[in-house]
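> Okay, structure incoming, though there's no sequence with it:
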């Protein structure tokens, strides 16, 4: 058994080295990856969610604008907030949708950087483990999707959380959908382990910025609204451990909401293809800074002292810009 564990860890280490990632450690559900930045004390990346539709619903147009913005910012990597392939994830690691909805869409030179991705609920409707497979990286070395993991990017630590198993409705009311729960049962043990490991990692992080990424929103005024399970179980951990941002997809919109009990900002970037026009909940708008119901994406730029996040529409126009200083915690 010990030999088997060693072989598995060695295999992951080799794969990480082959694809330019420095593997640091494995504990429970969280893996750590080092991502060296381009230098100068600046980190920048793009954030995209809910996108994989073979270029349809303006996916290709959003990708084109991402390429332009990514070039201007010289981004270090791209973050995907999940629902990577519609409607029902990938059928397997050989599914042509991986090429049709990802490889052949995000072709700009500036986007040929590492992509860090989490699974969304639609991804769980297919072969969820296919998206985690190292085989996909032999097709396109940019791709890295794990259930939950950490990216250490010098001035920032990014904590990626597998949020779908937290949502009880997917177990209690599947709406004729079949979910791939391999690897996440018993679900209470699985989600508790994630939270425990996340709490430890956040507490021990010495990074200037702590950013948490999941598919489901903690706070949203879009179609799905707040995710109660995350409000109850995840949010207190973020508040207690000085998280700066929580970034998500799930709602097909762009939005920015401020927490009323901590400096945390909730940023939704789930408009990578199909958007839901006019789908705005009137309830619980407390802290709402920005909402847009069309397609688009987001950029984040960090220095030792400052953060800037920008939302763009399908034409590349700036819709909303937010900046903060680590010392002042003030927004503009």
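Received, thanks. Because the structure is a prediction, the values reported are computed rather than measured.
> what element comes up after the helix-or-strand element of the chain with minimal mean pLDDT heading to the C-terminus?
Ranking every helix and strand in the chain by mean pLDDT, DSSP states H and E puts strand 22-27 at the bottom, with a mean of 38. Sequence order places strand 30-34 as the next helix or strand after strand 22-27, per DSSP states H and E.
> List the pairing partners of that next one within its sheet, with orientation.
Sheet pairing for strand 30-34, assigned by DSSP bridges, gives strand 22-27 (antiparallel), strand 148-153 (parallel).
> buried stuff in it?
Going by neighbour count (16 or more other C-beta atoms under 10 Å), the buried part of strand 30-34 is 30, 31, 32, 33. Any C-beta I mention is one placed from the backbone N, CA and C, and that applies to glycine too.
> Look up the pLDDT of the second one for me, please.
It refers to residue 31. Residue 31 carries a pLDDT value of 93.
> Could you double-check that it lies in contact with residue 146?
Yes - between residue 31 and residue 146 there is a contact under C-beta atoms under 8 Å: 6.0 Å.
> and residue 202, helix, strand or coil?
Following DSSP: H, G, I helix; E, B strand; the rest coil, we place residue 202 in the helix state.
> Just give the nearest non-adjacent residue to it, would you?
residue 241 (3.7 Å; C-beta to C-beta, 6 or more residues apart in numbering).
> contact partners of stretch 233-241?
For stretch 233-241, the external contacting residues (C-beta atoms under 8 Å, 6 or more residues apart in numbering) are 161, 163, 166, 191, 195, 198-199, 202-203, 210, 212, 214, 218, 246, 259, 261-262, 264.
> make it 6 Å
199, 202, 203, 212, 218, 262, 264 (C-beta atoms under 6 Å, 6 or more residues apart in numbering).
> Give me the buried entries from the residues you listed.
The neighbour count (16+ other C-beta under 10 Å) marks 199, 202, 212, 218, 262, 264 as buried among these.
> For the contacts of stretch 233-241, work out which two are farthest apart.
203 and 218 (19.1 Å; C-beta to C-beta).
> shaky segments in this structure?
Counting by pLDDT under 70, the chain contains low-confidence residues at 1-29, 282-283, 328-332.
> So for it, which residue is the most central one in space?
The chain has residue 81 as the residue nearest its centroid, 3.0 Å off, counting by C-alpha atoms, centre = their mean.
> could you measure that one against residue 178, distance?
From residue 81 across to residue 178, the span is 23 Å (C-beta to C-beta, to the nearest Å).
> got it, and residue 95?
Distance, residue 95 to residue 178, by C-beta to C-beta: 16 Å.
> So between the two, which is more surrounded?
Neighbours per residue, other C-beta atoms under 10 Å: of residue 95 and residue 178, the larger number sits with residue 95, 18 against 10.
> where's that one, which helix or strand?
Assigned by DSSP H and E, residue 95 belongs to neither a helix nor a strand.
> I'd like to know how many residues surround the residue nearest to it when sequence neighbours are not counted.
Once flanking residues are discounted, residue 95 sits nearest to residue 130: 6.8 Å by C-beta to C-beta, 6+ apart. With neighbours defined by other C-beta under 10 Å, the count for residue 130 comes to 21.
> Could you grab the helix/strand/coil label for residue 130?
Following three-state DSSP, the label given to residue 130 is helix.
> Now for it: which residues touch it?
Here residue 130 is in contact with 90, 92, 93 (C-beta under 6 Å, 6+ apart).
> please redo it, this time with the cut-off set to 7 Å
Residue 130 sits next to 90, 92, 93, 95 when contact means C-beta atoms under 7 Å, 6 or more residues apart in numbering.
> Relative to residue 117, how far out is it?
Distance from residue 130 to residue 117, by C-beta to C-beta: 13 Å.
> cool, residue 169 as well?
23 Å.
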